[in-house]
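Sequence first, then the predicted structure, then my questions.
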Amino acid sequence: MARKWRIINHLLTVQLIQEKSGQPGLIAFRDDQPSFLKRTKFFVDIKTLTSPQDQRLHPNMKPNRKRKPRLRSLVAVILSVALAQGCGDNPTGPPQNPNPEFLQQPSVVSISLNGFGFALRTNVDGVVYFAVLENGVPAPAAQDVISGTDAVASSSFEATAGATHTLVVGSLASGVTYHLYAVLQDEQGNLSPVSPRLAVTTGSPLPRFLDQPLVVSRTTSGFTFSVRTNADGQVFYLLLPVLALAPDQEAIRTGSGGTASGAISVTAATSVEKAVAGLDAGEMFKLYAIFQDGLGTVSQISDPLQVTTRLSPLRTSGNQIVDEHGQAVVLNGVAVVDPLIWRQFHGGGAPMREDDFRLLAQEWRVEIVRVPIHPDLYEHNPGYLQDNVDQIVEWGDKYGMYIFIGYHAHGNALTGEVESTPWGDTFPWHGNPYNPDADLAIAALTEIVQRYKDNPWVIYGTFNEPAFISWTDWRPVAEELVDVIQALHPDALITVSGVNFASEMDGILNDPVRRDNVVYEVHPYPWVGEGWKSVLVQLNQTYPVFLGEWGFGEGQPGTADGYGEPLVDFCRQNNFGWTAWIWDNVWTPKMFNDSPEQLTPFGAVVKNALNTDGSAILSARLETARYDRGR
């Protein structure tokens, strides 16, 4: 029968202080009355001893009865403790190291979009190895966990017996299920069994747009946009007039109050296109979208996508200007200053501003912008069109406004006679601004048409104000200039002005230009009188007409009620289009003073007319305004 294991000589009582959780406790050796250790077999790993003589207390050492070791103070040592099962009163030998195992198997404590956190506890000190495998990969052996074989993530860390360790695994795919396995290796190199599979699914990604809605193509009746999302689901979109208030998510989902709306099925990370049709030409809209994933979670509203349908190419049909569908079009707008003049004297060296064109389109509701190109500035500034006009043409497309490029020559192209100006050769001029030279006109028109012939919203003016020449002599010159344009752009819409600074149209009645797609242009300033009205009405019985310039004040006679408002009423009654001269605060007659908010009487007449007259384009824009006010 085996002896009970006891400490001989000076008997000590070993008090075991063990936490209820089963974590290792604190063992204190102290002088006490003799007793036996009953019911508990424990394994002792002494980390520190107070002196060599205290080693005699170790049960593997032979007792020494001659010297009685004493512990003169409490010696606290950290022990790894395992309770033996059924040890009874008869332990058979000295304690052994416990097998490494997990007191708490790995368990999930947190989940993120791209990872998760897990926790575990061990029964001994050692190293924990773990490996994260994709779903479907067979469970690994212990050595595979240690080496990280087939793992998408693996690592190791030192574990303290009984302590709870929490680790975070990152850089994983979102919404994917993974399996985690772990192995504990104690300080003697012994391995625990591989932990049971811990399955965890990373968080599903919040629905969002990988690519915001983007215009792919445009037509005169609609456009196509693309979108790309981070997950499968549906994209809901809502199209509103450009000035309408931004919608909420519910309005987008239900399509409430929109010009157009719909839903698109989308696949994660795949670009999808959607065509929107049935819109008016040259109209500005904003498109809003939301993305709803398969779980019903909804993204934030997309950035608003501003889009303008293409302007229709224009042509003449009888006495009207018509669009590609044969619908009559009456265009009203303003002239701006020569863009190079703007750069030199208005913009401080900078080109014209996009905000001005947005203002013209959205607040003044302009449908056509006349852009004058002075012969002198064109001739002496290489790259004139690229530096000064290209951007304006693009803004016309963006904001749904026709760009009327007028070659701003005056005088007699045959003799070179031209009116004198007060500027002389003062910078930026190099001579007379209106140089009427025919060869220069041909060269300029050739480059202008070559550059913009693929932009159907560009209209061409041949020669601004012929003067010091009769209509009989001018008609052949006008036809030659028309031929220059049509040789490069057969479908271009072209204006031909009357003589005497575009104020006399009588000669056209019996001797018209023998070319197609020609519109006759008149400049009825107050000094012309009222005779032009009857001639224009008569001319319009056969041919389309257009008021290319008009204005009053600032050096021109006339008043709002005596000239401006009656002229607008006359044009409205006869469906004549017009561009008022000039939307500026320096050149005259000016429409505003320091800013477009400080209108002159002339500017007030023009802005009011633009906001109340009714071409097809303007009617749609007024619907925009009514919608905006209604919301």
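Great, that's in hand. Numbering: from 1, shown residues only.

And the pLDDT for the residue lying closest to Gly551 once chain neighbours are set aside?
With CB to CB, 6 or more residues apart in numbering as the criterion, Gly551 has its nearest non-adjacent residue at 4.0 Å, and that residue is Pro589. Yep, even glycine has a C-beta here, placed from its N, CA and C like the rest. pLDDT for Pro589: 95.

who does the helix or strand harbouring Glu480 touch, helix- and strand-wise?
Element membership for Glu480 (DSSP states H and E) is helix 471-488. Packing partners of helix 471-488 (3 or more CB pairs under 8 Å, 6 or more residues apart in numbering; DSSP states H and E): helix 438-452, strand 465-466, strand 494-497, helix 506-510.

residues in contact with that helix?
Helix 471-488 is contacted by residues 413-414, 438, 441-442, 445-446, 449-450, 453, 460, 462-463, 466, 492, 494, 496, 498-499, 504, 506-508, 511-515, 517-518 when judged by CB atoms under 8 Å, 6 or more residues apart in numbering.

Return the members of those residues classed as buried.
Among these, the ones that count as buried by 16 or more other CB atoms under 10 Å are 413, 438, 441, 445, 449, 453, 460, 462-463, 466, 492, 494, 496, 498-499, 504, 506-508, 512-513, 517-518.

how about CSV for the helices and strands packed on helix 471-488, with mean pLDDT and distance to Ala173 added?
Output for the helices and strands packed on helix 471-488, formatted as CSV (pLDDT from 0 to 100; distance: least, CB to CB, whole Å):
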stretch, mean pLDDT, distance to Ala173
helix 438-452, 98, 51
strand 465-466, 98, 70
strand 494-497, 98, 62
helix 506-510, 97, 74
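
could these go into CSV alongside distance to Val336?
Formatted as CSV, the helices and strands packed on helix 471-488 follow (distance: least, CB to CB, whole Å):
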stretch, distance to Val336
helix 438-452, 16
strand 465-466, 18
strand 494-497, 17
helix 506-510, 28
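
and of those, who's closest to Ile321?
strand 494-497 (10.4 Å; CB to CB).

Walk me through which strands that closest one pairs with, and which way each runs.
Strand pairing for strand 494-497, using DSSP bridges, gives strand 458-461 (parallel), strand 518-522 (parallel).

now for these, which one comes closest to Asp569?
Closest of those to Asp569 is strand 518-522, at 16.6 Å (criterion: CB to CB).

Show me which parts of the helix or strand that comes right after the closest one are buried, residue by residue.
With elements assigned by DSSP H and E, the helix or strand that comes after strand 518-522 is helix 531-539. Going by neighbour count (16+ other CB under 10 Å), the buried part of helix 531-539 is 532-533, 535-536, 539.

Next, the angle strand 518-522 makes with helix 531-539.
If you take axes from the mean of the first three to the mean of the last three CA atoms, to 10 degrees, helix 531-539 sits at 160 degrees to strand 518-522.

After helix 531-539, which helix or strand is next?
Next element after helix 531-539 (DSSP H and E): strand 545-547.

Show me how far that next one is from its chain's centre.
Offset of strand 545-547 from its chain centre (CA atoms, centre = their mean, to the nearest Å): 41 Å.

quick one: contacts of it?
Counting by CB under 8 Å, 6+ apart, 321, 331, 495, 505, 519-524, 536, 539, 567, 571, 576-579 sit against strand 545-547.

Can you give the strand pairings for that strand, parallel or anti for each?
As assigned by DSSP bridges, strand 545-547 forms pairs with strand 518-522 (parallel), strand 577-580 (parallel).

Following the chain past it, name the next helix or strand.
Following strand 545-547 in sequence, per DSSP H and E, is helix 565-574.

Using PDB, write out every CA atom in that following helix.
What follows is helix 565-574, C-alpha atoms only, in PDB (Å, rounded to 0.1, in the frame of the first residue of the first chain):
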ATOM      1  CA  GLU A 565     -41.900  96.500 -74.400                       C
ATOM      2  CA  PRO A 566     -43.700  97.200 -77.800                       C
ATOM      3  CA  LEU A 567     -40.800  95.500 -79.600                       C
ATOM      4  CA  VAL A 568     -41.200  92.400 -77.400                       C
ATOM      5  CA  ASP A 569     -44.900  92.400 -78.000                       C
ATOM      6  CA  PHE A 570     -44.500  92.700 -81.700                       C
ATOM      7  CA  CYS A 571     -42.100  89.700 -81.800                       C
ATOM      8  CA  ARG A 572     -44.400  87.700 -79.600                       C
ATOM      9  CA  GLN A 573     -47.400  88.300 -81.900                       C
ATOM     10  CA  ASN A 574     -45.400  87.300 -85.000                       C
END
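
All set, thanks.
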